[in-house]
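Novice: give me a 3D structure for the following:
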Amino acid sequence: MTVNFAERTEWRLRARRVLTAALAAAAVLTCEGAARRIEARILRVERVEEARAARVGMAPVQMSRFARLSAAAGPSAYVVVWDAGPGVPAGTLVTFEYRHDERENVKFLADKCAEPVRGEQRAEFAILGGREVSAWRARVVYKGRRLAEVVSERWR
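Specialist: You can find the predicted model right below:
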């Protein structure tokens, strides 16, 4: 059986087209998996007050007036409830920045996800010192990219 030059060339062209289409499909599928969009959103930020009455009786007599007042005021906490959606990778940061009324400098707190997480998550941030928080900002960040942000009304 002899195959002429034209048939051989036609067969090679068909084989190249099929191979090219298969490689293109594989590349598209691979890129879609690698370029999966990481999404998160902050559902709410809650302020939690600690029990203050228990702390007043625990202050020793020798403690300074400032320390007693600070202990009497008690710490408060903020809880950031956020949704990781289908999942965020390890290394994702939940940050909480806040300011006190009498101070302009911003305090920064962070909670790092040690492993990949999905669904609804909670990050708790303790505010020590007993002073009122005047403004705050909560963020979810992955590799320097902001995934979600919520700010209080007084944040600037």
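
Novice: what is the mean pLDDT for whatever helix or strand Glu10 lives in?
Specialist: Using DSSP states H and E, Glu10 sits within helix 5-34. Helix 5-34 shows an average pLDDT of 70 in the prediction.

Novice: report the central residue of this structure.
Specialist: For the chain, the residue sitting closest to the mean C-alpha position, by C-alpha atoms, centre = their mean, is Val140 at 2.6 Å.

Novice: what residues sit buried inside stretch 76-83?
Specialist: 76, 78, 80, 82-83 (16 or more other C-beta atoms under 10 Å). C-beta coordinates here come from the backbone N, C-alpha and C atoms, glycine included.

Novice: contact partners of that stretch?
Specialist: 40-50, 94, 96, 98, 119-127, 133, 136, 138, 140, 148 (C-beta atoms under 8 Å, 6 or more residues apart in numbering).

Novice: helices - which of those land there?
Specialist: Residues of the contacts of stretch 76-83 located in helices (DSSP state H): none.

Novice: now, of those residues, which are buried?
Specialist: For those, buried by 16+ other C-beta under 10 Å: 40, 42, 45, 94, 96, 98, 121, 123, 125, 127, 133, 136, 138, 140, 148.

Novice: sweet, I'm off.
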